[in-house]
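Colleague: Here is the input, now give the coordinates:
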Amino acid sequence: MSTNNNSRFLLFMIAGFAVMSTIIFGGLFAETYVVPHLLGKGNVEAQMQVPRAKTDPVVFDDVPTTIETPNGDNSMTVRDGLIAWFSAENLTVENGKRVAYFPDASKKNNHARQPLPSSRPRWIKDGINGKPVLRFDGNDDCFFIESMRFLTPVTIYTVWSKPSAGGVPYQRLYSSGSRGTDYQAGGAYLIPASDDNGIASAPAQLHKKIIPSQVDISIFCIGRLNAGVTQFYYGDLAEMLIYTKPLSIEDQRKVEQYLQQKYKLVGVVVG
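Modeller: Prediction:
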């Protein structure tokens, strides 16, 4: 009897260990994950999930918590109200290498990050007229900015191009708002779909969006629709500037002149 009891106890312990191991380690291979570093802090946005492969564990080690702030291009003189400034030329990596973060040169530390290695765009040395770009694959490449969490009027400039046609209809260069919302009607830049249910290739473009009323720029996403996982950007992004106010006509002229001269876009109509 004693031997049987001991055997039963041993089997019970083994079964219990197996169940606990499944619970603990199974979480590493779930269908989706929540980005805790970016989307925690007790907000409703923390529920936003991004799909990943079952066997692709989350890697945070190569996304530094402290990112060196670049100085930015001195020829860009309009700094008042500038809350985020991203330029691919501020990255020094090997050509074609995936990029884990996009440093903010505005001195506001609104750096953009992507903790999932497979969702990181690639740095391309000569993307737009000799200037580097980040190339988004249209599948899952994107960045999150965790620190911009308030209502404000905004002015946003982007320099982008699509070297080849492709991707889903209605791609987003950027998006914002809490989960389930997007300020598409007020300003998230949507690239219209072409007749073949994709986005045609396009030369380098300079896009401007001014939103004079308050909009929610919490959980700002670069390269995707905030509230969904199907409208990712397929193309190149060279530079983005975000201001927390509508710029004056004079300041608009200065920013546009800076970007047009830098990327040799003279004659390109600002959208």
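
Colleague: what residue ranges in the stretch 151-271 of the chain score low on pLDDT?
Modeller: Judged by pLDDT under 70, the stretch 151-271 of the chain has its weakly predicted residues at 178-187, 228-229, 267-269, 271.

Colleague: mind redoing it with 80?
Modeller: Within the stretch 151-271 of the chain, the ranges that satisfy pLDDT under 80 run 177-188, 194-197, 218-219, 226-230, 266-271.

Colleague: all helices of it, in order?
Modeller: In the stretch 151-271 of the chain, the helices defined using DSSP state H, counting those that start in this stretch lie at 249-262.

Colleague: ok, which stretches of it are strands?
Modeller: With DSSP state E, counting those that start in this stretch as the criterion, the stretch 151-271 of the chain has strands at 151-162, 171-172, 174-175, 190-191, 202-216, 220-222, 234-243.

Colleague: One more: the stretch 1-150 of the chain?
Modeller: Counting by DSSP E, counting those that start in this stretch, the strands of the stretch 1-150 of the chain are 32-33, 50-51, 82-87, 101-102, 112-113, 122-128, 131-137, 143-145.

Colleague: Export those strands to JSON lines and append columns for distance to Met240 and mean neighbour count.
Modeller: All C-beta spots, glycine's among them, are computed from the backbone N, C-alpha and C. What follows is the strands of the stretch 1-150 of the chain, written out as JSON lines (distance: least, CB to CB, whole Å; neighbours: other CB atoms under 10 Å):
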{"stretch": "strand 32-33", "distance to Met240": "26", "mean neighbour count": "14"}
{"stretch": "strand 50-51", "distance to Met240": "21", "mean neighbour count": "16"}
{"stretch": "strand 82-87", "distance to Met240": "5", "mean neighbour count": "24"}
{"stretch": "strand 101-102", "distance to Met240": "9", "mean neighbour count": "22"}
{"stretch": "strand 112-113", "distance to Met240": "9", "mean neighbour count": "24"}
{"stretch": "strand 122-128", "distance to Met240": "13", "mean neighbour count": "18"}
{"stretch": "strand 131-137", "distance to Met240": "10", "mean neighbour count": "24"}
{"stretch": "strand 143-145", "distance to Met240": "10", "mean neighbour count": "25"}
